[in-house]
Structures are given as C-alpha cells and as structure tokens.
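Participant: need a 3D model of the sequence below.
(one chain, ligands or ions: 1)
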Amino acid sequence: MYNFTYHRPKSLAEAAALLAQSEDAKLMAGGQTYLPTLKQRLAQPSDIIDLGAVAELKGIKEEAGGITIGAMTRHADVAHSEVVRRVIPALAALAEDIGDPQVRHRGTIGGSISNNDPAADYPAAVVALNATVRTNKREIPADQFFTGMFETALERDEIVTAVHFPKPEKAAYVKFPNPASRYAVVGVFVARTGGAVRVAVTGAAPCVFRWTEAEQALGSSFTPSALDNAGIDADNLNNDIHASAEYRAHLVKVMAKRAVEAAA
Ligand SMILES: Cc1cc2nc3c(=O)[nH]c(=O)nc-3n(C[C@H](O)[C@H](O)[C@H](O)COP(=O)(O)OP(=O)(O)OC[C@H]3O[C@@H](n4cnc5c(N)ncnc54)[C@H](O)[C@@H]3O)c2cc1C
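Facilitator: Modelled structure (predicted):
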C-alpha cells in the first residue's frame, strides 16, 4: 500500500502548474498503460494528474492542409471521425485496429506516443506522415520525438497537447498483430507526401524507425516490386518469444509491400 495525491485539473495551465510543482508527479491519460504500471508497483508517484477533464486537449480539426488531433482524443474517436476518414483514412484504419473496444475507448493518442511502446501503432503514423508533436512548451518534429524504447524527447514537466498530421497523397498502414493484444509484432506505415516517400516500422525494433532503403526504392517507383531488393538488417531487430529477428525482417518486407499496394 502506498499513497499518492490524485488531481483532476480542468485546464492545461492548471495541469502544467501541478506537474511543475513536484519531481514525482505523473500524468495520466486513459490509464491503459499507467494503471497496470501502478498496480505492478513499477511506479510510485507522489501525485497523479488525471488529464481527463482538460477539454482543450480533446478533439479533431482540419487545419493547415492536414489534421490536428488533441492529445486526449481516444482511439475510437479517431477511428470514427468523419474528418480523419476523409483526409487520412489510413490513420482512421490504424486507430480502428488498436487493441480491443475497451482499449480504444480509454486509450489516447497522447498517452500512446508519450509512452512510446516499441510495438505501438501510432508512432509509425507520426513518423511516416512527418507529423509535428505539440506540447505546452514547443513543437517537436516526428524525427526528433521518439528517442528509444519507452523514451521520447519530452522533458519531465512537458505535456503533449496535440499532434498535427499533414495530409499525404497516398498512405497505408499494415501490421502483423499479436493475436492476443493486437500490438504490432511488425507494423509498417508507408506515406507519400509532396512527392517524398517515408516508411516507418514499428514493433520490429526497440523503437520505431525509418526504413530509408525502402524510401529510396519507392521514391523511384511506388510499387510493391520496388522493394524486392531493399535490404533490412536483422541484426538490429528484436528477437523474442513473439518472433525471431530473421522472421521480423521477413515480415517488415511483406508488410511494407502490402502497405504500398493498399496505398497505391
Ligand atoms: C490490452 C491492451 C492492448 C493494447 N493494444 C494495443 C495495440 O494493438 N496497439 C497500440 O498501439 N496500443 C495498444 N495498447 C496501448 C493503448 O492503446 C494505449 O495507447 C496505451 O496503453 C496508452 O494508454 P493511455 O492513452 O490511457 O495513456 P496512460 O496509460 O494514461 O499514460 C501512458 C504514459 O503516457 C504519459 N502521458 C499520458 N498522456 C500524456 C500527455 N498528454 N503528455 C505527456 N505524457 C502523457 C503518462 O504519464 C504515462 O507515462 C494496448 C493496451 C492494452 C492495455
């Protein structure tokens, strides 16, 4: 048994002030990862700051030729959003395939990217679509946000407020899911925006990464067969009970080809 003080601020300013007050305070979004972490005693914060009542962190809007999604927007809301389905249907499809209905109705985009689980789906979309992560302090480009396994560029007292996704010309996400959790054993998001192709891989390594060899091949010819000779080094991939590194390398290519086919 341990004690913490529970806070439910009503504004971003209030949440930021609470977070700045204590070194051990932690934010909570939908609690999908954080509550199990607490139950297992892997975290013992002095204060929990529940963002659930901060209305300004919720919602989806069309903005600057793309979509801006508030950090506290649930996966189910992204999946069912008319705006997301119309502007970036691949993002709605990704959200629709996260976990189960309970997870999708509690989990949030801000919690997902802040947590940066190596097998989470959203990091692949953020990187492939070259999104910008907005916080209460600054804007962080996708390529600088995810820094390692469960690690991000966020400072201790920083709150993700929204993610801005530019509209791509073509995009698709295909994953090979763990059949129990639906987390990605391997997931590949392919996007072409302003003529530039980006390929982001999740689930395969300790952190989401760009498969640059595939990006170059697809830049010349946006077809599945363009990936026939693109190399992927199994030495840098995860090797665990779910899949060997060699099998993951195989899956990366298969998922990428399927994503190109779906996007073309
Ligand atoms: C059974 C199960 C299956 C799942 N399957 C999938 C899946 O298939 N694909 C997938 O991608 N994910 C999956 N998830 C993860 C889930 O979708 C959530 O995105 C993830 O658990 C984060 O949950 P949350 O948004 O409730 O954040 P929380 O658990 O509340 O918080 C997670 C972390 O982020 C921090 N945080 C939260 N919000 C912010 C913010 N605005 N700014 C800064 N830091 C913040 C918290 O302090 C905490 O450290 C699954 C989870 C479960 C439990």
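Participant: how many residues are close by whichever residue of the stretch 51-200 of the chain sits closest to the ligand?
Facilitator: As assessed by Cβ to the nearest ligand atom, the ligand sits closest to residue 111 within the stretch 51-200 of the chain, at 2.1 Å. Quick note: C-beta positions are derived from backbone N, CA and C, even for glycine. Residues lying near residue 111 (other Cβ atoms under 10 Å) number 25.
Participant: got it, and residue 160?
Facilitator: Residue 160 has 27 nearby residues by other Cβ under 10 Å.
Participant: can you name the residues bridging to it?
Facilitator: For residue 160, the residues forming beta bridges with it (DSSP bridges) are residue 135.
Participant: relative to residue 132, how far out is it?
Facilitator: Residue 160 sits 11 Å away from residue 132, taking Cβ to Cβ, to the nearest Å as the criterion.
Participant: picking up where we left off before, does the residue of the stretch 51-200 of the chain closest to the ligand really touch residue 35, like I thought?
Facilitator: No - in this structure, residue 111 is not within contact of residue 35 by Cβ atoms under 8 Å, at 11.0 Å.
Participant: where do the helices of the stretch 51-200 of the chain begin and end?
Facilitator: 75-80, 82-87, 89-96, 101-106, 109-115, 122-128, 142-145 (DSSP state H, counting those that start in this stretch).
Participant: strand partners (parallel or antiparallel) of the longest strand belonging to the chain?
Facilitator: Scanning the chain for the longest strand, with DSSP state E as the assignment, gives strand 184-193. Paired with strand 184-193 in the same sheet, following DSSP bridges, are strand 170-177 (antiparallel), strand 196-202 (antiparallel).
Participant: redo those strands as CSV? Include distance to residue 258, mean pLDDT and mean neighbour count.
Facilitator: Below are the strands paired with strand 184-193 laid out as CSV (distance: least, Cβ to Cβ, whole Å; pLDDT from 0 to 100; neighbours: other Cβ atoms under 10 Å):
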stretch, distance to residue 258, mean pLDDT, mean neighbour count
strand 170-177, 4, 98, 23
strand 196-202, 12, 98, 25
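Participant: among these, which is nearest residue 51?
Facilitator: Residue 51 lies closest to strand 196-202 among these, at 24.1 Å (Cβ to Cβ).
Participant: could you tell me how far the closest one lies from the centre of the chain?
Facilitator: Relative to its parent chain, strand 196-202 has a centroid offset of 13 Å by Cα atoms, centre = their mean, to the nearest Å.
Participant: same question for stretch 72-79.
Facilitator: With Cα atoms, centre = their mean as the basis, the mean position of stretch 72-79 lies at 12 Å from the chain mean.
Participant: for that stretch, buried residues please.
Facilitator: The neighbour-count check on stretch 72-79 (16 or more other Cβ atoms under 10 Å) flags 72, 73, 74, 75, 76, 77, 78, 79 as buried.
Participant: which of these are close to the ligand?
Facilitator: The residues of the buried residues of stretch 72-79 that also fall near the ligand, by Cβ under 6 Å from any ligand atom, are residue 75.
Participant: which of the buried residues of stretch 72-79 sits closest to residue 220?
Facilitator: residue 78 (32.6 Å).
Participant: how much space separates the closest one from residue 71?
Facilitator: From residue 78 across to residue 71, the span is 12 Å (Cβ to Cβ).
Participant: shared neighbours of those two, anything?
Facilitator: Residues touching both residue 78 and residue 71 (Cβ atoms under 8 Å, 6 or more residues apart in numbering): residue 109.
Participant: is it possible to export the strands paired with strand 184-193 to CSV including distance to residue 184?
Facilitator: Listed next are the strands paired with strand 184-193 as CSV, based on distance: least, Cβ to Cβ, whole Å:
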stretch, distance to residue 184
strand 170-177, 4
strand 196-202, 5
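Participant: nearest to residue 28, of the ones you listed?
Facilitator: strand 196-202 (23.4 Å).
Participant: CA atoms of that closest one as CSV?
Facilitator: Extracted in CSV, the C-alpha atoms of strand 196-202 (Å, rounded to 0.1, in the frame of the first residue of the first chain):
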residue,chain,number,x,y,z
ALA,A,196,8.6,12.4,-50.8
VAL,A,197,8.1,8.8,-49.5
ARG,A,198,8.5,7.9,-45.9
VAL,A,199,8.4,4.3,-44.5
ALA,A,200,8.1,3.9,-40.7
VAL,A,201,8.5,0.5,-39.0
THR,A,202,7.1,-0.3,-35.5
